[in-house]
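Chemist: task: produce atomic coordinates for the following.
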Amino acid sequence: MDNFGTDGDSDIYLQGINISAFNMTTQLSSGSNTTDSAPFAEPRPLYGFIIWFSFGIIGNCTAVAILLQNRNKHKWKVFYKLVLLLALSDFTAQMVTLPIMFSAYRNSNILEKERLLCIIMSTTTIVTSLMSVLFVCLMSIDRVVASWCPIFYRNKLTSCHVVIAVTLVIVMSFCVGILPLLGINKHQVQRERTWCFVDIQPKEKHDRAFLILSASIGISAVLSMLILNGMVIYRLCQRYRKAQQPQNRRISRIPRVSSGVKNIQNIVFLMMIMTIFISSWIPVIIRFLYNAIDGSEVDHELDTNAVAMTVMHQVLNPWIYIIMQDCLFSRCLEYARKHSKRGSIFHRILEDSETKRMDTGFEFDTEQREIASRK
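Modeler: Predicted structure coming up:
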């Protein structure tokens, strides 16, 4: 009887263990839909994000303020409208994601419990990043049309064309941003539990398609910027060579002909922004393509760093515009002319600019004398 009772108690005990184990397994599997399967990682210091995002917010606000202050000077031409949209897009991304990130630092489980916050943060990051890239591409297209087809640019390009192009950029960015909500990839909490993004290491084919699509857009944008800016620089150099020819030297002094200083300024601005985009997007493009095509070796650290670098352009873009203001840019050109050989492009730019001012002043004096003689 004792043995029988002991065996019965042991059977009941084992059944209890099995039931408890089954319940634990069920709870874990049910919770895996809303949590990140990647291993936990220690969050990065909060003060670094505060400094970084403060730097970006101040830069974007300053850039917008400068654009509004100089509106009578640039008259809201297409290029400056796109610069404003770029600054507003970057500013929106920071203002949406920053409070959510601070909340996640205070409560590491908030993004797992409040699924809506995770979706908003991830979608905003995707949409604004794509909008920034595509706005820079539009800026490059604007410079190409202005340099290669100036008559069409002045007479045919209207605000309606700009509205259509900007609308297409916004619609395309939102269409890509909502794909994870439609079942193509998914939003998930990342390893630090302080930010959300899509699944960077997907297993399903339709989830990998999102990474391929994002990488394709990034590659197309980078190549387009390189080609378009190269075309503008080639056209600008071609004009300078033509203007330096003896038969065209007199014509090039007419004040109506642009000296090219503003074009050079816009090109340098585009090149600097393009450099930041390439340095911030190439790592994530490589990781996206690798994980989508192969994905046999998982490297959480590389993937996390690559995605984090894509936010870099949203912070640095406005500061490039601030640095590229007329007074500072003119000083940089003057410094380059002093430290370069005679006949270099810096000498030509500034000499053309000075000639334009002298000729404009001469014509103004002549006009005043004619008016006085008539009186």
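Chemist: what's near enough to touch the closest residue to F91 other than its chain neighbours?
Modeler: In this structure, F91 finds its nearest non-sequential neighbour in N60, 4.0 Å apart by CB to CB, 6 or more residues apart in numbering. From N, CA and C alone the C-beta is placed, and that goes for glycine too. Each residue near N60 by CB atoms under 8 Å, 6 or more residues apart in numbering is listed here: 87-88, 90-91, 94, 318.
Chemist: give the next helix or strand downstream of the one helix or strand N60 maps to.
Modeler: For N60, the element it lies in under DSSP states H and E is helix 46-69. Next helix or strand after helix 46-69 toward the C-terminus (DSSP H and E): helix 71-74.
Chemist: re earlier: pick out whichever of the contacts of N60 sits closest to A146.
Modeler: If you rank those by distance to A146 using CB to CB, A87 comes first, at 20.7 Å.
Chemist: which of the contacts of N60 fall in helices?
Modeler: The helices, defined by DSSP state H, take in 87-88, 90-91, 94, 318 from the contacts of N60.
Chemist: got the buried residues for the top helix by length along the chain?
Modeler: Using DSSP H, we find that the single longest helix of the chain is helix 205-243. For helix 205-243, a neighbour-count test (16 or more other CB atoms under 10 Å) marks 207-208, 210-211, 213-215, 217-218, 221-222, 224-225, 228-229, 232-233, 235-236, 239-240, 243 as buried.
Chemist: if we can go back for a sec, and the pLDDT at the residue nearest to F91?
Modeler: The per-residue pLDDT reported for N60 equals 87.
Chemist: for Q325, same thing?
Modeler: Reported pLDDT for Q325: 69.
Chemist: could you chop the chain up by domain?
Modeler: With domains defined by automatic domain parsing, the chain comprises 43-185+201-326, 334-375.
Chemist: what's the most buried one of those domains?
Modeler: Mean neighbour count (mean count of other CB atoms under 10 Å) peaks for domain 43-185+201-326 among the domains of the chain, with a mean of 17.
Chemist: in terms of helices and strands, where is K81?
Modeler: Using DSSP H and E, K81 sits in helix 78-106.
Chemist: next one: I184
Modeler: Taking DSSP H and E as the definition, I184 sits outside all helices and strands.
Chemist: that one against H206, yeah?
Modeler: Yes: I184 is in contact with H206 according to CB atoms under 8 Å; the separation is 5.5 Å.
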